[in-house]
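[1] how would this look folded up:
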Amino acid sequence: MSVATAASPAATPRSVAIGRAGLYLATFMAVFDIAVVYLALPSMERSIGASLSDQQWIASAYGLMEAGFTVAAGTLGDLYGRKRVYIIGVCTFILASIASGLAPNAMVLIGARFVQGIGGAIAMALPLALLVAMVDGEKATAAAIRTYATIAGMGAVTAPALGGLLVHALGWRSIFFVNVPVAAFVLYAAFAHTVESPRDPDKRLDLGGQITSALALLAFSFAVIEGGTFGWGSPTIVGAAALAIACAVAFVAIERRVACPMIHVRLLREPLLAAGVWALLLMNTGFFTLYLIASLFLQNVARLDALTAGWYLLSNNLLFFLVNQFSGPFVRRVGERAASLLGMGLGTLGLATFVFFRPSSPPMLAVLPLALCGLGWGLAFTPINALAMEVVPKSDDGLAAGMLSLGRPLGAVFGTAVFGSVLAAFMKQSLSAGLTSVHAGAAASAGITAAVRQRGLWSLLGEAQHFGVPTNALRASVDAGFVVGVHVSGVVAALASIGAIVYAAAAFRRRPVASAAP
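    Sure thing, here's the model as predicted:
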């Protein structure tokens, strides 16, 4: 529904501007919040004793719920009115942000982050549809969409610098409290200056797909994150892994048969779309792996504060944004396919440079993978999306776009859960070797190991001093284990990225070049 046809006395240019500003800010806020938390993880460890597994949950819970609820948010908006559902989502986001900022311990914070992810899913899924309904004409619509994409990119760009400043100056809780005044304006703009959409009674919520996909993601995350705590062969972890597999199989079966599926499996028969989904998933997995490793290395190993670490991380986001915005002439010159493969190759090279990290490496070394990945992924992002979308019938544009956009929240889950567990496993192994090397007794070893597992590495110093164990040697052992985990994570992530490049190249060969957009 355009503004001209909306039966709303408030549909004036000023009202439209306020409504659009609220929708832009909602998108900014949702993107900002999924990235900024990585900078705050070391501070959370020191403040509330968040162990590494707690930090994995804190970082991935938001993405997990966003991935599981984004498609449902769009369907609920069609069923009950996009404005109504959007307002509910923003209110959920505000309340969960307040709860996150006030969390007295890691468990409460993790729970609040799960709820916040639901609000974030709605804040990402519905603003674009509401925005398009507020403008008339193709030019105005295209301009609004470009601004929307730019604002979303700015959310990612500002997260390291602004997040580092907030954590450094006001503490980690401020990254959640800063959402409150922003969301208050978003809520005001939604109530007073946004037009409700008509309901679509023919839409159906894919409840079976929703439940099985959410359970599969949750069970997978639990198995990967908590495997080191319960034991990889324990009944709890084996059961969680079996549940994840069973739910994933059930999800695919449901999606093949249900009338209104979350994921249209038939669309993945198109090689270019399947390659795009695979490439974006691995690209986002690499991004969140990179963010987790770089943030922990800069603050825990190189001993930088959050503000300085944020400026280092900015090199990735800023390069991605600038290259994505201004690489159009280069892409037109070399072609979308070549640009996609080149960009993915640079990102792969960036992940592979993790093998050069050492405990004594200068902080500037972190700029190497951050810059290469930002440059490469910024170059590849738009061509990959364009190639995938051009082979999809116009009637399925929304479905395909939704499938491509799931790469970001799923990447947050996989990158944080899988590679965070790799880091934890090697750090635990190295700590055990360090305790043996300093001839710590059984009681000291058990006490220190338990403290680190339950309250994080920051507790290492206090526990070691309590038992009279040399702290420097133990900290050096943990740092060494972390770096070995970084090497393994970089190699595995790079190999997965190479797989995506090979798959994409094969998909390009199967599709005639003449079908590509000029």
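
[2] center of the chain, which residue is that?
    Nearest to the geometric centre of the chain sits Ala412, at 3.4 Å (CA atoms, centre = their mean).

[3] who are the packing partners of the helix or strand where it lies?
    Using DSSP states H and E, Ala412 sits in helix 407-437. Applying 3 or more CB pairs under 8 Å, 6 or more residues apart in numbering; DSSP states H and E, one finds that helix 407-437 makes contact with helix 13-48, helix 52-80, helix 207-230, helix 271-296, helix 442-455, helix 471-510. Heads up, the C-betas are built off the backbone N, CA and C, glycines and all.

[4] one more time with 7 Å, if that's ok
    Counting contacts by 3 or more CB pairs under 7 Å, 6 or more residues apart in numbering; DSSP states H and E, helix 407-437 packs against helix 52-80, helix 207-230, helix 271-296, helix 442-455, helix 471-510.

[5] out of the ones you listed, flag the one nearest Asn324.
    helix 271-296 (12.1 Å; CB to CB).

[6] now do the closest one against helix 52-80, angle only.
    With axes from the mean of the first three to the mean of the last three CA atoms, to 10 degrees applied, the angle from helix 271-296 to helix 52-80 works out at 140 degrees.

[7] how far does helix 271-296 sit from its chain's centre?
    Offset of helix 271-296 from its chain centre (CA atoms, centre = their mean, to the nearest Å): 9 Å.

[8] go on, stretch 244-259?
    Distance of stretch 244-259 from the chain centroid (CA atoms, centre = their mean) equals 24 Å.

[9] using CSV, write out every CA atom in that stretch.
    The C-alpha trace of stretch 244-259 is given here as CSV (Å, rounded to 0.1, in the frame of the first residue of the first chain):
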residue,chain,number,x,y,z
ALA,A,244,19.8,-32.4,15.9
ILE,A,245,20.1,-35.0,13.0
ALA,A,246,16.6,-36.3,13.5
CYS,A,247,15.1,-32.8,13.6
ALA,A,248,17.1,-31.8,10.5
VAL,A,249,15.8,-34.8,8.6
ALA,A,250,12.2,-34.2,9.8
PHE,A,251,12.6,-30.5,8.7
VAL,A,252,13.6,-31.5,5.1
ALA,A,253,10.7,-34.0,4.9
ILE,A,254,8.2,-31.4,6.2
GLU,A,255,9.5,-28.7,3.8
ARG,A,256,9.0,-31.1,0.8
ARG,A,257,5.3,-31.7,1.7
VAL,A,258,3.9,-28.6,3.5
ALA,A,259,1.8,-26.1,1.5
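
[10] just use 29 as the starting number from now, easier for me
    Will do, 29 is the new start, and the previous item becomes stretch 272-287.

[11] isn't the residue nearest to the centre of the chain up against Ile62?
    Yes: the criterion here is CB atoms under 7 Å, and Ala440 meets it with Ile62 at 6.1 Å.

[12] mutual contacts of these two, please.
    By the contact definition CB atoms under 7 Å, 6 or more residues apart in numbering, Ala440 and Ile62 are jointly contacted by Gly91.

[13] Asn133: neighbour count?
    12 (other CB atoms under 10 Å).

[14] I meant Val136, not that one.
    Residues lying near Val136 (other CB under 10 Å) number 14.

[15] and what about it, helix, strand or coil?
    Secondary structure assignment for Val136 (DSSP: H, G, I helix; E, B strand; the rest coil): helix.

[16] need the pLDDT of it.
    Val136 carries a pLDDT score of 95 in this model.

[17] now do it against Met57, distance only.
    Separation of Val136 from Met57 (CB to CB, to the nearest Å) stands at 22 Å.

[18] likewise Asn133?
    25 Å.

[19] and the helix or strand where Tyr176 lies, what does it pack against?
    Using DSSP H and E, Tyr176 falls within helix 166-198. Helix 166-198 sits against helix 41-76, helix 155-160, helix 202-205, helix 334-354, with contacts defined as 3+ CB pairs under 7 Å, 6+ apart.

[20] closest to Leu320 out of the ones you listed?
    helix 41-76 (6.0 Å).

[21] can you give me the buried ones in the closest one?
    43-44, 46-48, 50-73, 75-76 (16 or more other CB atoms under 10 Å).

[22] so for that helix, what's the average pLDDT?
    pLDDT averaged over helix 41-76 gives 83.

[23] do the same with stretch 388-404
    Mean pLDDT, stretch 388-404: 93.

[24] same question for stretch 200-218.
    Stretch 200-218 comes out at a mean pLDDT of 90.

[25] same thing with stretch 453-464?
    Mean pLDDT, computed over stretch 453-464, is 80.

[26] any residues touching it, and which ones?
    256, 473, 476-477, 480, 501-502, 505-506, 508-510, 512-513.

[27] now, the most widely separated pair of those?
    Gly256 and Ala501 (22.6 Å).

[28] what about these two, which has more around it?
    Using other CB under 10 Å as the criterion, Gly256 and Ala501 rank with Gly256 on top: 19 against 14.

[29] and the pLDDT at that one?
    With respect to pLDDT, Gly256 scores 75.

[30] quick one, what contacts it?
    Counting by CB under 7 Å, 6+ apart, Gly256 makes contact with 449, 452-453, 456.

[31] closest one of these to Ala330?
    Ala452 (19.3 Å).

[32] for Phe447, see how far away the closest residue in space to the closest one that isn't next to it in sequence is.
    Residue nearest to Ala452 in three dimensions, not counting chain neighbours: Leu80, with 4.7 Å by CB to CB, 6 or more residues apart in numbering. Using CB to CB, Leu80 is found at 12 Å from Phe447.

[33] the two: who's more crowded?
    Set side by side, Leu80 and Phe447 show more neighbours around Phe447, with 26 against 23, by other CB under 10 Å.

[34] so Ala89 is in contact with Ile138, correct?
    Yes: using CB under 7 Å, Ala89 is in contact with Ile138, at 5.6 Å.

[35] contacts for stretch 264-281 next, please.
    With CB under 7 Å, 6+ apart as the contact definition, stretch 264-281 has outside contacts at 237, 240-241, 243-244, 247-248, 250-251, 254-255, 258-259, 293.

[36] now list the buried members of the residues you listed.
    Burial by neighbour count, 16+ other CB under 10 Å: within those this picks out 237, 240-241, 243-244, 247-248, 250-251, 254-255.

[37] what's the closest of these to Glu94?
    Ser241 (12.3 Å).

[38] what does the pLDDT read for the nearest residue to the closest one once chain neighbours are set aside?
    Using CB to CB, 6+ apart and skipping residues adjacent in sequence, the residue nearest Ser241 is Phe279, 5.0 Å away. Looking at Phe279, its pLDDT is 89.

[39] tilt between whatever helix or strand Phe279 lives in and helix 235-258?
    Counting by DSSP H and E, the element that carries Phe279 is helix 263-285. Here the directions of helix 263-285 and helix 235-258 differ by 160 degrees (the same axes, to 10 degrees).

[40] same question for helix 263-285: list its buried residues.
    265, 268-269, 271-272, 275-276, 278-279, 282-283.
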